[in-house]
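Novice: Based on what follows, work out the 3D shape:
(2 chains)
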Number of protein chains: 2
Amino acid sequence: MAVLLKGTPVVEALTAGLTVRAAALRERGTVPCLAVVRVGERPDDLAYERAAKKRCAAVGIKVRPFVFPADVSQDCLLSAVLGINSDPLIHGCLLFRPLPGSLDESAICAALDPRKDVDGVTMGSMAGVYSGAELGFSPCTAQSCMELLRYYGIDPSGKRAVVIGRSLVIGRPVAMMLLSADATVTLCHTKTRDLPEITRSADLVVVAIGDGEAIGPEYFRAGQTVLDVGINWSEEKQRLVGDVDFERVFPLVGALSPTPSGVGSVTAAVLCKHVIESAGRSEGTESVLRKDCIQ
Amino acid sequence: MAVLLKGTPVVEALTAGLTVRAAALRERGTVPCLAVVRVGERPDDLAYERAAKKRCAAVGIKVRPFVFPADVSQDCLLSAVLGINSDPLIHGCLLFRPLPGSLDESAICAALDPRKDVDGVTMGSMAGVYSGAELGFSPCTAQSCMELLRYYGIDPSGKRAVVIGRSLVIGRPVAMMLLSADATVTLCHTKTRDLPEITRSADLVVVAIGDGEAIGPEYFRAGQTVLDVGINWSEEKQRLVGDVDFERVFPLVGALSPTPSGVGSVTAAVLCKHVIESAGRSEGTESVLRKDCIQ
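Specialist: Numbering: from 1, shown residues only, chains lettered A, B, ... in the order given. Prediction:
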């Protein structure tokens, strides 16, 4: 029987640890704080905002919403981001994307200080995840995959990992993080030939293609760990489904994350983890600054 | 009979094209210029500096050496880099590494403007090669692999590529560049198990481990393209050898780059290409600036 890699216990374990760290930060006078920047009222953004607020409340992180109408100007949004950068009481910034087409999204992202980039959208964070340097943060969904593996005791070291999808939000960063965890990593995409043969040779498969139930049992073999990052609406089933055909794949493999309640359900807790880490780093910076002043 | 992927014709073709572009830049008043920053007198650095100067002279690129004693201070070296950043007549900067242990190399690299980082040492360049954004430049040796493939008409698209070695100088960047060229890319390293099985499944293998003739025929099969990035001194043979056991592998595979006169011999020409591109981009910037002033 395959192991169901549910997100709930991962979230509980993360929340418990983070709550302690948040309390310790508060005791030392640092109230961990997340800025949430939203343009317009897209249902997906609102749903994730609610989840993030709930998780932040559970951990002990203050949330400061920065909400703008869909026709906000570039300058106005840019000013908000620069204000967040310079505000020492804000430790992280979640910026909902994509931004409306009238805005220059890459310029907005570039303006954000990588030290507050808790969802890995800046070039600084990308360089960090690519190089392994402590610079910025990894995208939360990619990090969620790693948290699931860690919680369920699946060590990627020496294993063959295959990632399907090469986006900057999940495919590329999770590949680099698996590499840092000493997996042998293969990155597959739309131009990959013989994909089922490649995935069957893996110990660990991460699927992130955004195509409902497209990956069936022919891609897998017994004993594999499969992380399904896809969250797709099925008109036929009138519910959310993953990229993996769960019903047919689950009986075959060793472990599989469900959709919903799998990788995606861990994302908000990872966001909190990044805010706490950023708050901790800022404390370090402040101590250094104080020390410099004393000398 | 395998194809010998020699660097000489690649260098000649690159030089011919770059010479035309350099002449056009000069005609428009831009003299392409490379700053070479060297600390101490390490023989490897001196050898590559000679090769770079020779190639720059052939193309029509001015070289400005910045040479410091091995005991140079951090501040002094940092000032030189900042001076290079702000000098509009310098388009690229080659910084020999590793720097002496007394210097903070990462701080020196971080100070360099990614727009002049023609050897891909800055976080900006790393983010560029990782994300595919036009930001900075890729490391020259990694780019040399791509130039060899292009010259010999080997299109990585849809092919299985295996890269052995995960360094920031060659393994990671060449993996990302092969991915951008639509290859299915596997990154292998010291923790990889069953390496020969993995490399034999590839169409294209890039070897960059820095271990003389360590990769023998058991890693390969007929028809493969193999790029050997290694340059190692063999005490036994009293000459340079690659990471691949050339004599036993060449008869087996479809194409193999030799050491010396393979990938490494293309590096200086790629450096020139990056300087010319940077000079071209700076021209664009200047036009934009001029336009802004007129308005």
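
Novice: what residues does the stretch 101-250 of chain A put near chain B?
Specialist: Residues of the stretch 101-250 of chain A lying close to chain B by Cβ under 8 Å from any Cβ of the partner chain are A:106, A:123-124, A:126-131, A:133, A:135, A:157-158, A:160, A:166, A:168, A:172, A:175-176, A:179, A:182-189, A:191-193, A:198, A:201. All C-beta atoms are positioned from the backbone trio N, CA, C, and that covers glycine.

Novice: again, 6 Å this time
Specialist: With Cβ under 6 Å from any Cβ of the partner chain as the criterion, the stretch 101-250 of chain A meets chain B at residues A:123, A:126-127, A:130-131, A:157-158, A:168, A:179, A:182, A:184-188, A:191-193.

Novice: Just the buried residues of those.
Specialist: Buried by 16 or more other Cβ atoms under 10 Å in any protein chain shown: A:123, A:126-127, A:130-131, A:168, A:179, A:182, A:184-188, A:192, out of these.

Novice: Can you list the residue ranges for strands in the stretch 51-200 of chain A?
Specialist: All strands of the stretch 51-200 of chain A, identified by DSSP state E, counting those that start in this stretch, fall at A:62-68, A:92-95, A:160-164, A:184-188.

Novice: Dump these to TSV, plus mean pLDDT.
Specialist: As requested, these are exported to TSV (pLDDT from 0 to 100):
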stretch	mean pLDDT
strand A:62-68	97
strand A:92-95	98
strand A:160-164	98
strand A:184-188	98
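
Novice: Can I get those in CSV including distance to residue A:44?
Specialist: Converted to CSV, the strands of the stretch 51-200 of chain A look like this (distance: least, Cβ to Cβ, whole Å):
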stretch, distance to residue A:44
strand A:62-68, 15
strand A:92-95, 13
strand A:160-164, 22
strand A:184-188, 26
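
Novice: just so I know, which of those lies nearest residue A:252?
Specialist: strand A:160-164 (15.8 Å; Cβ to Cβ).

Novice: Off-centre distance for that closest one?
Specialist: 18 Å (Cα atoms, centre = their mean, to the nearest Å).

Novice: Can you show me the helices along the stretch 51-200 of chain A?
Specialist: Ranges of helices in the stretch 51-200 of chain A, per DSSP state H, counting those that start in this stretch, are A:74-86, A:105-111, A:123-131, A:140-151, A:171-180, A:195-200.

Novice: do you know which of the ones you listed lies nearest residue B:57?
Specialist: Using Cβ to Cβ, those put helix A:123-131 closest to residue B:57, at 33.6 Å.

Novice: Give the other helices and strands that the closest one contacts.
Specialist: With contacts taken as 3 or more Cβ pairs under 6 Å, 6 or more residues apart in numbering or on different chains; DSSP states H and E, helix A:123-131 sits against helix A:171-180, helix B:123-131.

Novice: ok, now with 8 Å
Specialist: If you count contacts as 3 or more Cβ pairs under 8 Å, 6 or more residues apart in numbering or on different chains; DSSP states H and E, helix A:123-131 packs onto helix A:171-180, helix B:123-131, helix B:171-180.

Novice: can you redo these as TSV with distance to residue A:67 and mean pLDDT?
Specialist: Converted to TSV, the helices and strands packed on helix A:123-131 look like this (distance: least, Cβ to Cβ, whole Å; pLDDT from 0 to 100):
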stretch	distance to residue A:67	mean pLDDT
helix A:171-180	28	98
helix B:123-131	28	97
helix B:171-180	36	98
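
Novice: how about a markdown table for those helices, with distance to residue B:57 added?
Specialist: Formatted as a markdown table, these follow (distance: least, Cβ to Cβ, whole Å):
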| stretch | distance to residue B:57 |
| --- | --- |
| helix A:171-180 | 39 |
| helix B:123-131 | 25 |
| helix B:171-180 | 27 |
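
Novice: Can you say which of the ones you listed is nearest to residue A:147?
Specialist: Per Cβ to Cβ, nearest to residue A:147 of the helices and strands packed on helix A:123-131: helix A:171-180, 10.5 Å.

Novice: quick one, the closest one and helix B:123-131 angle?
Specialist: On the basis of axes from the mean of the first three to the mean of the last three Cα atoms, to 10 degrees, helix A:171-180 is oriented at 110 degrees to helix B:123-131.

Novice: Counting by contacts, list what helix A:171-180 packs against.
Specialist: Secondary-structure packing of helix A:171-180 (3+ Cβ pairs under 8 Å, 6+ apart): helix A:123-131, helix A:140-151, strand A:160-164, strand A:184-188, strand A:204-207, helix B:123-131.

Novice: Identify the residues contacting it?
Specialist: A:120, A:126, A:129-130, A:132, A:138-139, A:142-143, A:145-146, A:156, A:161, A:163-166, A:185, A:187, A:189, A:204, A:206, A:208, A:229, B:130-131, B:166, B:187, B:189 (Cβ atoms under 8 Å, 6 or more residues apart in numbering or on different chains).
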